[in-house]
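> Show me the folded form of this:
(one chain, ligands or ions: 2)
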Amino acid sequence: MAPIVRQINELEGTFQSFSDDELRGLTASWKDDLAKLPTPEEQWKRLDEILPEAFAVVKNAARRLTERGHTFTVCDQPMKWEMVHFDVQLIGGVVLHRGKISEMATGEGKTLVATLPLYLNALTGRGAHLVTVNDYLARRDAEWMGQLYSFLGLTVGCIQHDQEPSVRRQQYACDITYGTNSEFGFDYLRDNGMATTREQQVQRGYNYAIVDEVDSILIDEARTPLIISGPATISTHQYDKWKPLVEQLVRKQTMLCNRIASEAKEKFDAGNLEEGGLQMFKVKLGQPRNKQLLRMMEDPEKRKAIDKAELSFYQDTRKDELFALKEELFFTIDEKSQEADLSEQGRSFMNPDDPNAFVLPDLISEFTEIDLNHSLSDEQKEKQKGERQQLCDTQAERIHNISQLLRAYCLFEKDVQYVVEENKVVIVDEYTGRKMPGRRWSDGLHQAVEAKEAVQIDRETQTLATITIQNYFRLYQKLAGMTGTAETEANEFHDIYKLDVAVIPTNRPVARKDSNDRIYKTRREKYNAVINEIKECHARTQPVLVGTVSVEASELLSRMLKREKIPHNVLNAKYHMQEAEIVARAGQAGTVTISTNMAGRGTDIKLGSGVPDRGGLYVIGTERHESRRIDRQLRGRCARQGDPGASRFYVSFEDDLMRNFGAADRMTKIMERFGLEEGQELEHPWLNKSVETAQKRVEQRNYLIRKRTLDMDDVMNNQREVVYGYRNEVIDSEEPRPLIYEVIDEAVPAKVQEYLGTGKPGEDANYAGLLQWVNTTFPLGLNKDRAQFETRDPEANAQFLIEKIKDAYQRKSSHEEPTAVKSLERYIILNAIDRLWQEHLYAMDALREGVYLRAYAQKDPLIEYKAEAYDMFVELMANIKNEVLHNLFRSTSNLQAFENFLATLPQFLLRETAPGAGSDGASTGTAKRPAGVRTNTPTTSTQALEPENGEYAIDLPVRRGGPKVGRNEPCPCGSGKKYKNCCGRVA
Ligand code: ADP
Ligand code: MG
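Ligands and ions are numbered 1, 2, ... in the order given. Model prediction:
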């Protein structure tokens, strides 16, 4: 390293004779030079060559600002520039440029170090990012270091939480941009998962990033992914409104079921097993957790009778009887699928005046009717459609709300699946019995339970986009990091991020005195000793920084200090600006500061006047943290830049770390041998080692947990890359038509194969099914004779259809305005991607949670997860294509044009055809339907149109209704058969 430092300093010497403009001129000429290099690799190479000169330029600029006593404001505070890069800072800068982690102690001036590689890498014109832990630091560092950049002719921007997209775009357009990891990450998600045009995107690539406090961001925050969520449905929920009625209904049903159960018991007692079994099956349908039912199910004979009754009803021939049986109840509950359905009786109880209140209108036919009504103007048509849509949404919401309330009442038990705490419903993890605060059941169920328990009802949200921090940072072509403490986690940085750690020596020798740990038998004794120590420091006005591992401990200490009348500050992580001030003041004579976890706080503590004579800042740790790194962070807060300072940790055998991982037993024995008395402590370097061993054990375990999370997220990451890549291709394409044709080219052969097989002898070819699919998806007007599928092999059939579809599509779009068609085409694809991707994210969440249970079945959850995630992804991509096909002829950029197109179709096709359900005519019913309708409400089942005129009726407006069911799952119609053999049968 030394030669390069010498070289930089020599060059800096020669630059001293340059004029400001000459110095600045170098920035411009390097930029021009680099812009001419075609590839990033060539640019990197060039950067390595100019590094010494560039660093020297930055250092020289710092010198000029210092010599001129440059003043400016940072976060509205006046400031003066008075620093020129030290040699160790130059070394730190080289390490950062090379894409490694610089470990530099607190107070070594990492903020200034970063200016060197940021300047150098920004010369490429492709942007350089500095990632801070909070908004305040992003602004502070951008305004502070910005003095240097603007002196040299580079622009600097800063992302803040409350900025509008247009402002953000400007910040990203700057040569250098400061911001927090979550703002960067969220912008990425918004750009790639939500923006629908290039203009809406704010970022411009991932070239080079330096992560400040890298351990805090990449390790401590690594377990919580960034999630953008949105309201799952328009929040017009009526859980409050329906609750009293549902409550009554549940009560009525309970009475009914109890009566039936008592009758059944009489039947059983009289030896009539069949009749009793039938009755109890009815109870099971209406109240699966009925007490009498549960008791009878324990009796093998009765259980057999009930099971037999159940089985007999699930035969195809008894469908009607089953239906009639259900109608005798107010509603039915299916425990396995967790569904609840109102019967006719139940519906009229809920809304006696309007029997249709719980039946969804057939929106598509209504729209068609409106469209074909020529006495209406376009405007009137739009208005009427809007009204119908609204009505439909309200009905759907109502049906959904009531069914969720029924589930909440009948399937969810307080203190079993959830507890109520502080006016909140908290889910209880079924397997561990642990509470899971902050988690919510989806799709309105949580709100229904909240209504049931009469607590505050929160708005429903659903994941729209998600990424882990790790995976965001992996997007960068070059990543670097800096922190005071990385060494202990060097393995993890290397394995996961391919980041090597270089430990940079301090500018001046460290004068800190680290004392041995003091170990006590109980917590109480430990805290008393801590308070005594603080009192002594306070008496001699030496400032103290007290670190705790939990907020709870901070509060306890604060109360104890109050009792002793010692004034003190407690750090509250919520207010970053205030926090920075508190930290900055912590070095003044006589202050006492309590803080939980000092890692990543980013402000260094300067000593007040007279404090060095009192021994500098004294750091007290009140517990050893699970991770040694956090303890080092705390220690590192004192003795910066050669200042005096001291530190000591207090430990008790009751601390979590010692109880769970320490050799507490052995230690207790030692203590007994020494005859440790109340309040007495142990202190020995040998004991420090024991504590450290315990810490290493926990670190290892936590590392494995994080690695596991990441392994899981890797799967998601690959999928995200594919989907976002596809999305951006759509957004960027000037000509989206080839993308549409690509979908046709890929999806049609797959469909043909689904119906006809591969054409090998012995395979069943379902020609009728194929024809049906073709005619419900495209206005081709094919019939058996015209299609002649039998005369071709599957491949030729696919080719035949592809040509016909493309031809029809060309005809359709020729009636529309070309630019409008282009944006419609983009929209059709984006819409399909977004809707299905969100559903997919949801399903992946469920998979991730569910897959852990497989561990009990001796299966590796990761392997299982990967396999299933892959299958789901393949299905997702196929679904996206199918949805695009499905919407291709149901969307129009212009209603009039669509009618013109319809007019060109043969008359028999015209009758049923209508544009999509969206009021703008550019989307389908499926896309606009609120989430609630997706659940199993039998009243909404598919309104498949009867084929007319034999086989070639076109029923384009068919909606997809009902839930998405796996082909091997039980059919949702309740037949008890597999879906593929029942309603899901392809033929
Ligand atoms: P770190 O992030 O490494 O803990 P900071 O970047 O917050 O440290 O800087 C700590 C303090 O050191 C700041 O007040 C800064 O002004 C000062 N400082 C940094 N580099 C120099 C330098 N080369 N000369 C003088 N003061 C410096
Ligand atoms: Mg810092």
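> make it CA atoms for all contacts and neighbour counts henceforth
Will do.
> contacting residues around Ala173?
Neighbouring residues of Ala173 by C-alpha atoms under 8 Å, 6 or more residues apart in numbering: 127, 157, 203-204.
> from those, which two are the most distant?
Greatest spatial distance in these: Gly157 and Arg204, 13.4 Å, computed using C-alpha to C-alpha.
> who touches both of these two?
Common neighbours of Gly157 and Arg204 (C-alpha under 8 Å, 6+ apart) are 172-173.
> which one of the two has more residues nearby?
Using other C-alpha atoms under 10 Å, the more surrounded residue of Gly157 and Arg204 is Gly157, with 24 against 13.
> so that one makes contact with Ile176?
Yes. Using C-alpha atoms under 8 Å, Gly157 is in contact with Ile176, at 6.2 Å.
> picking that back up, in a markdown table: the contacts of Ala173, plus secondary structure, pLDDT and distance to ligand 1.
Below are those laid out as a markdown table (DSSP: H, G, I helix; E, B strand; the rest coil; pLDDT from 0 to 100; distance: C-alpha to the nearest ligand atom, whole Å):
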| residue | secondary structure | pLDDT | distance to ligand 1 |
| --- | --- | --- | --- |
| Gly127 | coil | 96 | 22 |
| Gly157 | strand | 97 | 18 |
| Gln203 | coil | 96 | 26 |
| Arg204 | coil | 94 | 27 |
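> which one among these gets closest to Gln279?
Set against Gln279, the nearest of those by C-alpha to C-alpha is Gln203 (64.6 Å).
> Looks like the closest one contacts Tyr172 (just checking).
Yes. With contacts counted by C-alpha under 8 Å, Gln203 reaches Tyr172, the gap being 5.8 Å.
> So for those two, which sits in the more crowded spot?
Taking other C-alpha under 10 Å, Gln203 and Tyr172 do not tie; Tyr172 has more neighbours (25 against 20).
> quick one, what contacts that one?
Taking C-alpha under 8 Å, 6+ apart as the test, what Tyr172 contacts is 127, 157, 202-204.
> Quick one: the strands in the stretch 301-450 of the chain, in order.
All strands of the stretch 301-450 of the chain, identified by DSSP state E, counting those that start in this stretch, fall at 331-334, 339-342, 418-421, 424-428, 435-436.
> tell me the most buried of the ones you listed?
Stretch with highest mean neighbour count among the strands of the stretch 301-450 of the chain: strand 339-342 (a mean of 24; mean count of other C-alpha atoms under 10 Å).
> So what's the gap between that strand and the chain middle?
31 Å (C-alpha atoms, centre = their mean, to the nearest Å).
> Give the ranges of residues in the stretch 751-900 of the chain that sit below the confidence cut-off.
Scanning the stretch 751-900 of the chain for pLDDT under 70 picks out 846, 849-859, 891-900.
> swap the cut-off to 80 and go again
759-764, 776, 781, 815-816, 842-843, 845-861, 890-900 (pLDDT under 80).
> longest strand of the protein?
Criterion DSSP state E: the longest strand present in the chain is strand 644-652.
> export the contacts of Tyr172 to JSON lines and tack on distance to Asn717?
Converted to JSON lines, the contacts of Tyr172 look like this (distance: C-alpha to C-alpha, whole Å):
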{"residue": "Gly127", "distance to Asn717": "24"}
{"residue": "Gly157", "distance to Asn717": "29"}
{"residue": "Val202", "distance to Asn717": "21"}
{"residue": "Gln203", "distance to Asn717": "19"}
{"residue": "Arg204", "distance to Asn717": "20"}
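> Can you name the residues that contact Glu790?
Going by C-alpha under 8 Å, 6+ apart, Glu790 touches Tyr767.
> Let me know whether my guess that it is in a helix holds.
Yes. Assignment of Glu790 by DSSP: H, G, I helix; E, B strand; the rest coil places it within a helix.
> Would you mind measuring from it to ligand 1?
75 Å (C-alpha to the nearest ligand atom, to the nearest Å).
> again, but for Val95
Distance, Val95 to ligand 1, using C-alpha to the nearest ligand atom: 15 Å.
> And the pLDDT for that residue?
Note on Val95: pLDDT of 97.
> again with the one 5 residues further on
Reported pLDDT at Lys100 in the predicted model: 97.
> Kindly reformat the strands of the stretch 301-450 of the chain as a markdown table and extend each row with distance to ligand 1.
Listed next are the strands of the stretch 301-450 of the chain as a markdown table, based on distance: least, C-alpha to the nearest ligand atom, whole Å:
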| stretch | distance to ligand 1 |
| --- | --- |
| strand 331-334 | 59 |
| strand 339-342 | 56 |
| strand 418-421 | 41 |
| strand 424-428 | 40 |
| strand 435-436 | 36 |
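> Now these in TSV, please, with extra columns for mean pLDDT.
As requested, those are exported to TSV (pLDDT from 0 to 100):
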stretch	mean pLDDT
strand 331-334	89
strand 339-342	81
strand 418-421	85
strand 424-428	80
strand 435-436	63
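> Out of those strands, which is closest to His568?
For the strands of the stretch 301-450 of the chain, the distance to His568 is smallest for strand 418-421, at 31.9 Å, taking C-alpha to C-alpha.
> Close to ligand 1: what parts of the protein are there?
Contact residues, the chain versus ligand 1 (C-alpha under 6 Å from any ligand atom): 83-86, 106-112, 602-604.
> Return the entry from those residues with the maximum number of neighbours.
Result: Thr106 is most packed of the residues of the chain next to ligand 1 (other C-alpha under 10 Å), 24 neighbours.
> Quickly find the element holding the residue in the stretch 651-800 of the chain that ligand 1 sits nearest to.
Nearest to ligand 1, among the residues of the stretch 651-800 of the chain, is Glu699, at 24.2 Å (C-alpha to the nearest ligand atom). Following DSSP states H and E, one finds Glu699 within helix 685-732.
> So for the residue nearest to Thr197 when sequence neighbours are not counted, what pLDDT did the model give?
Computed as C-alpha to C-alpha, 6 or more residues apart in numbering, the closest residue to Thr197 that is not its neighbour in sequence is Ile731, at 5.5 Å. If you check Ile731, the pLDDT there is 91.
> The one 4 residues further on now?
The confidence metric pLDDT takes the value 91 at Glu735.
> what do you get for Ala448?
90.
> Same check on the one 3 residues further on?
On pLDDT, Ala451 comes in at 90.
> That one and ligand 1: what is the separation?
Distance check for Ala451 against ligand 1: by C-alpha to the nearest ligand atom, it reads 49 Å.
> burial measure for that residue, as a count.
Residues lying near Ala451 (other C-alpha under 10 Å) number 23.
> which sections of the stretch 451-600 of the chain are below the confidence cut-off?
Low-confidence segments of the stretch 451-600 of the chain (pLDDT under 80): 457-470, 550-552, 572-580, 596-600.
> hey, where'd the helices end up in it?
Secondary structure of the stretch 451-600 of the chain (DSSP state H, counting those that start in this stretch): helices at 469-473, 490-497, 523-539, 551-563, 576-585.
> Can you give the distance of the second one from its chain's centre?
The chain centre lies 23 Å from the centre of helix 490-497; the measure is C-alpha atoms, centre = their mean.
> My read is that Leu830 contacts Thr196, right?
Yes. Taking C-alpha under 8 Å as the definition, Leu830 is a contact partner of Thr196 at 7.3 Å.
> need the contact list for Arg585.
Contact analysis of Arg585 by C-alpha under 8 Å, 6+ apart lists 591, 605-606.
> any idea how far Arg637 is from the residue nearest to Thr197?
According to C-alpha to C-alpha, to the nearest Å, Ile731 stands 49 Å off from Arg637.
> swap in Met658?
From Met658 across to Arg637, the span is 25 Å (C-alpha to C-alpha).
> do the same with Lys804
Taken as C-alpha to C-alpha, the span from Lys804 to Arg637 is 73 Å.
> who has more neighbours, the two?
Arg637 (27 against 15).
> On the three-state scheme, the more buried one is what?
coil.
> Correct me if wrong: it contacts Ile605.
Yes. In this structure, Arg637 is within contact of Ile605 by C-alpha under 8 Å, at 6.8 Å.
> ok so, going back, quick one: closest of the helices of the stretch 451-600 of the chain to Ala798.
Closest of the helices of the stretch 451-600 of the chain to Ala798 is helix 469-473, at 39.9 Å (criterion: C-alpha to C-alpha).
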